Structures are given as C-alpha cells and as structure tokens.
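Student: A structural model of the following input is requested.
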Amino acid sequence: MFFCVCVYGDSSAVSGYIEAVKRLACEILDLMAEGLGVHDPSLLSNMIRDVDSDSMFRLNRYPPSSFHTPPPPHRATTTTEIGFGEHTDPQMLTILRSNDVGGLQICVAGGTWVPVTPDPTAFCINVGDVLQAMTNGRFMSVRHRALTNGFKYRMSMAFFGAPPPHAWLSVPPELVTPHRPLLYRPFNWAEYKKASYSLRLGDSRLQLFLK
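Tutor: Predicted coordinates for the structure are as follows:
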C-alpha cells in the first residue's frame, strides 16, 4: 500500500506548531516524572529540550484504498487495508493529530485491535520505547498501526520527542525496587536507533536491551 511523507505550509507556521507540541510533550513528561516520584521532575523533559535533541516532525498522507465511486450515505466506508504496519515508536513520546478520517488503531491486551476515534481538535499521545525503558516498564510503549480509508484521504501530523543521540538513558533509582527490579540495561539513543533500523518494523526492539 502506497504511503508517503510530505511537508506543507509556511515554514514559520510549521515551526510555531512544532514549538507548541514540543512544549506540550515536555509538560506531559514533567507530570509523568512527578507522578512517579522521580527526584528531578524535569529529568525526562530535559532530553527533549536539549539543543541536540533528535526529535522530529512528520506529516503523513494516506491515499484512499479505492478510487471508485463512494458508496451511498447509508453504507459505511471501510478501513481494511494496511497503510502503515503495526509497530511501536522508538522515541520517548509521540504527539499525534489527524483530520476527521479514521484509520489509527492500537493493540490492547490479548492482541485485540481497537480503533481510535478521529478528532481533529484533539491530540493522541503515544508512549514510545525509550520512555518504557526509562520508567522501568511503568509506562508501556503503544503498539499501533494505520489503516487506509476506502474513499477518503487521511492526514496526520506527528511530533516524535527523542533524546540527544549520545544521552545516557537509564532508569532513575527511585523506580528500581526489590519488588520491581531493573528491566533494561542503560543505553543511548544512537545505539537504540541503530538497533531499530536493523529489525523489521513490527519487531520488539526492547528485547535486545533487557537486563
């Protein structure tokens, strides 16, 4: 299935949007750290604020899976073809927004795929692999996929908050206890990215970094 990545619009508008969602990502990470009892509430967000942060912004455009005449109003359109296969985001946190066309699905316990209701006025927040590792499994990376709509284009905008390439990623000591031992060995983002590119899209990358 055809999938493309495009960037549109005035560069100043795009830059302003990126800065806004970056601030939102940092606020969310601060609240997570505070809720977990981490001694420095800005420990996680500082990695995204860093001038060398490897964060990125992406626009996705999914064409309809059918170019035939749309069905009558009383018949529902379907989203049955894969636009982007199942995976987890390797970064820390993803801030996602889309138009009013469905297609995003998340995998819940038991392997069931659940559609996410599209809302162009809201954000979808996905935990990534790095955040799962740094919180010692308190927050779990979200496995998700994108399906194409039968008759409509789907657009999405994603900000992927990531640490600097050589930042040391380790679990804060407050999150390691006798009842919850350390799950992952320390690593850096450059090492994790290299491992990610060596695997297939749907493979579990964190398995390579288990303690």
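Student: and G161, what does it touch?
Tutor: 22, 25-26, 29, 48, 53, 55, 91-95, 128 (C-beta atoms under 8 Å, 6 or more residues apart in numbering). For the C-beta atoms, the positions are set from N, CA and C on the backbone; glycine is no exception.
Student: my guess is M155 is in a strand, correct?
Tutor: Yes: under DSSP: H, G, I helix; E, B strand; the rest coil, M155 sits within a strand.
Student: nearest residue to it in space, please, no chain neighbours.
Tutor: N99 (4.7 Å; C-beta to C-beta, 6 or more residues apart in numbering).
Student: mind checking the end-to-end distance for stretch 159-167?
Tutor: From its first residue to its last, stretch 159-167 covers 19 Å (C-alpha to C-alpha, to the nearest Å).
Student: got it, and stretch 171-188?
Tutor: 12 Å.
Student: swap in stretch 109-120?
Tutor: Stretch 109-120 stretches 27 Å from its first residue to its last (C-alpha to C-alpha).
Student: same question for that stretch, mean pLDDT?
Tutor: The average pLDDT for stretch 109-120 rounds to 90.
Student: before we move on, what about stretch 131-145?
Tutor: 96.
Student: list the buried residues in stretch 94-111.
Tutor: 94-98, 101-106 (16 or more other C-beta atoms under 10 Å).
Student: ok, L104 touching V116?
Tutor: Yes: between L104 and V116 there is a contact under C-beta atoms under 8 Å: 4.4 Å.
Student: shared neighbours, those two?
Tutor: The contact sets of L104 and V116 overlap at C124 (C-beta under 8 Å, 6+ apart).
Student: dump the buried residues of stretch 94-111 into TSV; add pLDDT, secondary structure and distance to V142 as well.
Tutor: Output for those, formatted as TSV (pLDDT from 0 to 100; DSSP: H, G, I helix; E, B strand; the rest coil; distance: C-beta to C-beta, whole Å):
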residue	pLDDT	secondary structure	distance to V142
T94	97	strand	8
I95	97	strand	13
L96	95	strand	10
R97	92	strand	16
S98	89	strand	15
V101	88	coil	20
G102	86	coil	17
G103	85	coil	15
L104	90	strand	10
Q105	93	strand	11
I106	94	strand	6
